[in-house]
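In: got a predicted model here, sequence first, then my questions.
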Amino acid sequence: MPTQAKSDPITDSVQEATERAADLREKAIASTKQASEAYLSSYEKAVVTLADTYEKATGATNIDWVASIGSLQADASRQIVHAYANSVRELVS
């Protein structure tokens, strides 16, 4: 007759706690990734909106060189924020 090993309540408690901790860690990682994506999307959208507004404001001056510089600065801001956001997204994922 095979003997059945008795389970140790302390060992069982430690194993259960370890499993719960691993589950919580996975949930925390998923939540952090979600929050990071939401922050990046909001930041990116805010900078693009600001750049668009800046470009419109400089274009409204009717001075060609001011409008041209404003457009270049707005384009640079958009490109930088897209590159930044994409880099951070790659790091987070």
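Out: Arrived safely.

In: low-confidence ranges in this protein?
Out: Confidence mapping of the chain against pLDDT under 70 gives the ranges 1-6.

In: ok, Asp8 to Ala17 distance?
Out: Separation of Asp8 from Ala17 (C-beta to C-beta, to the nearest Å) stands at 14 Å. For every residue, glycine as well, the C-beta is placed using N, CA and C.

In: please disregard the earlier target; I meant Ile80.
Out: 46 Å.

In: leaving out sequence neighbours, find the closest residue to Arg78.
Out: Counting by C-beta to C-beta, 6 or more residues apart in numbering, Ala51 is the residue found nearest to Arg78 once chain neighbours are left out, at 5.1 Å.

In: for that neighbour, give me its contacts.
Out: Ala51 makes contact with Gln73, Ala74, Asp75, Ser77, Arg78, Val81, according to C-beta atoms under 8 Å, 6 or more residues apart in numbering.

In: which member of these is positioned nearest Asp12?
Out: Of all those, Val81 has the smallest distance to Asp12: 51.6 Å, by C-beta to C-beta.

In: I'd say the closest one and Val47 touch.
Out: Yes. Judged on C-beta atoms under 8 Å, Val81 makes contact with Val47 at a distance of 4.1 Å.

In: just the contacts of Ala51: which are in strands?
Out: Using DSSP state E, no member of those falls in strands.

In: which residues in this protein form strands?
Out: Counting by DSSP E, the chain contains no strands.
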